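> Predicted model and sequence follow; I will ask about them next.
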Amino acid sequence: MAMMERTTAAIHRRGVTRVTAIGLAVNLVLAAIKIAVGLSGASHALVADGIHSLSDTLTDLVIIVGVRFWTQPADSKHPHGHLRLETLVTLGIGLLLGAVALGVLYRAFVELDAQSVLAPHPLALAVASAAILIKEWLYRWTRRAGTRLHSMPLIANAWHHRSDALSSLPVAVAVGVSLIAPGLAMVDQLGAMLVALFIFHAAWRIVRPALGKLLDSGAPPEVLDEIDRIAGATDRVHRAHAIRTRYIGCSRLAVDLHILVDGALSVKEGHDVATAVKRRLEAEGPGIADVVVHIEPDDHDAPQVPRSSSGKRGGR
């Protein structure tokens, strides 16, 4: 089992590193082109978009370094492994996106007050349009890889790519309007402000679930139902209740549950049933990393424990 877990971790690490390294190379090239063309072509929105692309490279580096740590096996100090680092990295990506959005918004307001605003060069429009296509492809490819590898940081980074693609859209519109009507060149700054709103939205989509998992939020109702079904279908289990869950990473769950069995079972027989439930949940359950099973005799009077409003089942 330990050898299998190490092999799975190694495959996960190589996959995440490869996908992220390719994204890093693309982001570096795009950022350099956007900033260079934006500065030479007098497009403030394109420069802001280039800074956004440059921030993508920082998150790429964080993932490449972080995956080497959160895939480390459990040890005496970290019996559940190091998957909390995965959640922290995801949260960090979201917070960095929020900081970038503030910077872009501030620069746009400063430039909007400038006395003279130059119309951008046509090349700025070509670069912004090409960036939309490239980053949308990178988003789709990275998201598919993140889903396949069950990597929330990779999926978060995919949204970073998508926010870059979306931010290039108002840039292209703003530059186009500025070229058609130079007197409306300030639209370029307004486009940069819209870029900031897109980035804020992407940041919120990343930060909210990551923060919830760091605060030990439980699994959603459909996952609890699946755990209940698997445990209840195990041989000699009458029913399960008091199911509690918490995330120990972005997508891995620790489960604690009670099962009711025939009170006449021996201690060994009860232990065997609990072991069977644990193995089934780890093999068939939705991303379950660890299971603790409590045995209770079924006297037909055990109360039904209602599910709490937080999505967890009640206590013991």
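Perfect, thanks for sending it. Please read all numbers here as calculations on a predicted model, not as lab measurements.
> in stretch 76-88, what's buried?
By neighbour count with 16 or more other CB atoms under 10 Å, stretch 76-88 contains the buried residues Gly81, His82, Leu83, Arg84, Leu85, Glu86, Thr87, Leu88. (C-beta placed from N, C-alpha, C; glycine too.)
> So the third one sits against Trp70, correct?
Yes - the pair Leu83 and Trp70 qualifies as a contact (CB atoms under 8 Å) at a distance of 5.6 Å.
> if I look at those two, which residues touch both of them?
Jointly contacting Leu83 and Trp70 under the rule CB atoms under 8 Å, 6 or more residues apart in numbering are Gly249.
> now the stretch 151-300 of the chain, which segments are flagged as low pLDDT?
Across the stretch 151-300 of the chain, residues meeting the criterion (pLDDT under 70) sit at 167, 170-171, 174-175, 178-179, 181-189, 191, 250-251, 300.
> Longest helix in the chain, please.
helix 2-40 (DSSP state H).
> How far off centre is that helix?
When C-alpha coordinates are averaged (CA atoms, centre = their mean, to the nearest Å), helix 2-40 and its chain have centres 15 Å apart.
> Renumber starting at 740 from here on
All set: I'll call the first residue 740, so the last point we hit is now helix 741-779.
> Moving C-terminal from it, which element do we reach first?
Using DSSP states H and E, the helix or strand that follows helix 741-779 in sequence is helix 783-809.
> pLDDT of that following helix, averaged?
Averaged over helix 783-809, pLDDT sits at 77.
> In terms of secondary structure, what does that helix contact?
helix 741-779, helix 823-851, helix 861-888, helix 891-919, helix 926-953 (3 or more CB pairs under 8 Å, 6 or more residues apart in numbering; DSSP states H and E).
> In it, which residues are buried?
Buried residues in helix 783-809 (16+ other CB under 10 Å): 783-799, 801-803, 805-806, 809.
> got it, and stretch 975-986?
Within stretch 975-986, the residues scored as buried using 16+ other CB under 10 Å are Val976, Ala979, His980, Ala981, Ile982, Arg983, Thr984, Arg985, Tyr986.
> Next up, the contacts around the last one.
The neighbours of Tyr986, taking CB under 8 Å, 6+ apart as the test, are Thr826, Lys952, Asp955, Ser956, Ala958, Leu992, Ala993.
> Assign the last one to one of the three secondary structure states.
What that stands for is Ala993. strand (DSSP: H, G, I helix; E, B strand; the rest coil).
> Quick one: residues contacting it.
Ala993 neighbours (CB under 8 Å, 6+ apart): His819, Thr984, Arg985, Tyr986, Ile987, Ile1027, Ala1028, Asp1029, Val1030, Val1031.
> again, only using 6 Å
Ala993 makes contact with Arg985, Ile987, Asp1029, according to CB atoms under 6 Å, 6 or more residues apart in numbering.
> Would you mind measuring from the residue nearest to Gly831 when sequence neighbours are not counted to Ile969?
Of all residues not flanking Gly831 in the chain, Val801 sits nearest, at 6.2 Å (CB to CB, 6 or more residues apart in numbering). Distance check for Val801 against Ile969: by CB to CB, to the nearest Å, it reads 35 Å.
> and if you look at Glu1021?
Look at Glu1021 and Ile969: by CB to CB, they are 10 Å apart.
> got it, and Ser792?
From Ser792 to Ile969 the distance is 44 Å (CB to CB).
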